[in-house]
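A.B. asks: From the sequence below, what's the structure:
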Amino acid sequence: MTARAGHVVRRNAPPPTRATRQHERRQVELPVVLVDEANRVRGKIRFDSRDISVGGAFLRSDLLFEIGEELRIEFSLPEGPRVRARGRVVRVSRERDAEHVPGMGVEFTDLSDSDRDAVRAFIARA
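C.D. replies: This is a model prediction of the structure:
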């Protein structure tokens, strides 16, 4: 476990239950492009989302960043705009079985009001 500003982050912890989530999520597979803010990875990396909310997303991948890493994120909502955000990796899952896929939870740390509204409207259409 690691601590950060009033939060305890557990490595490989199970995802929060719906009752403990701050924001409603919608399951959706979207291509997501990431660029790490530290520029340790050259170019853009394409991931697929598993779910999304106005607070963040879970990105499926075997290539995982470390908890705390800052990222630039871009994705297009179905029948909606291109969303650009900054985010931070808050959870990493390496498990692979019938119920789990490897990936990482990314919390949006900077999302414009118009992009937040677009994500909120997309989730409401579920």
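A.B. asks: Could you list the low-pLDDT ranges of the protein?
C.D. replies: 1-21, 23, 39-44, 126 (pLDDT under 70).
A.B. asks: which strand of it spans the most residues?
C.D. replies: strand 82-93 (DSSP state E).
A.B. asks: Remind me what it packs against, helices and strands.
C.D. replies: With contacts taken as 3 or more C-beta pairs under 8 Å, 6 or more residues apart in numbering; DSSP states H and E, strand 82-93 sits against strand 56-60, strand 70-76, strand 103-111, helix 113-124. (Glycine included, C-beta is placed from N, CA and C.)
A.B. asks: I'd say Glu69 and Asp36 touch.
C.D. replies: Yes. Glu69 is within contact range of Asp36, at 6.2 Å (criterion: C-beta atoms under 8 Å).
A.B. asks: dump the residue contacts of the closest residue to Arg82 other than its chain neighbours.
C.D. replies: Closest residue in space to Arg82, ignoring its immediate chain neighbours: Ser76 at 4.9 Å, by C-beta to C-beta, 6 or more residues apart in numbering. Taking C-beta atoms under 8 Å, 6 or more residues apart in numbering, we find Ser76 in contact with 30-31, 82-83.
A.B. asks: now Ser49
C.D. replies: Going by C-beta under 8 Å, 6+ apart, Ser49 touches 28-30, 32, 57-60, 75.
A.B. asks: ok so, going back, from the helices and strands packed on strand 82-93, which stretch is densest packed?
C.D. replies: Of all the helices and strands packed on strand 82-93, strand 56-60 carries the top mean neighbour count, a mean of 23, counting by mean count of other C-beta atoms under 10 Å.
A.B. asks: Run through who's touching it.
C.D. replies: So strand 56-60 is contacted by 15, 23, 32, 34, 47-51, 73, 75, 87, 90-91, 101-108 (C-beta under 8 Å, 6+ apart).
A.B. asks: just to revisit the earlier point, output the helices and strands packed on strand 82-93 in a markdown table; the columns should cover distance to Arg96.
C.D. replies: A markdown table is the format used below for the helices and strands packed on strand 82-93 (distance: least, C-beta to C-beta, whole Å):
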| stretch | distance to Arg96 |
| --- | --- |
| strand 56-60 | 10 |
| strand 70-76 | 22 |
| strand 103-111 | 10 |
| helix 113-124 | 27 |
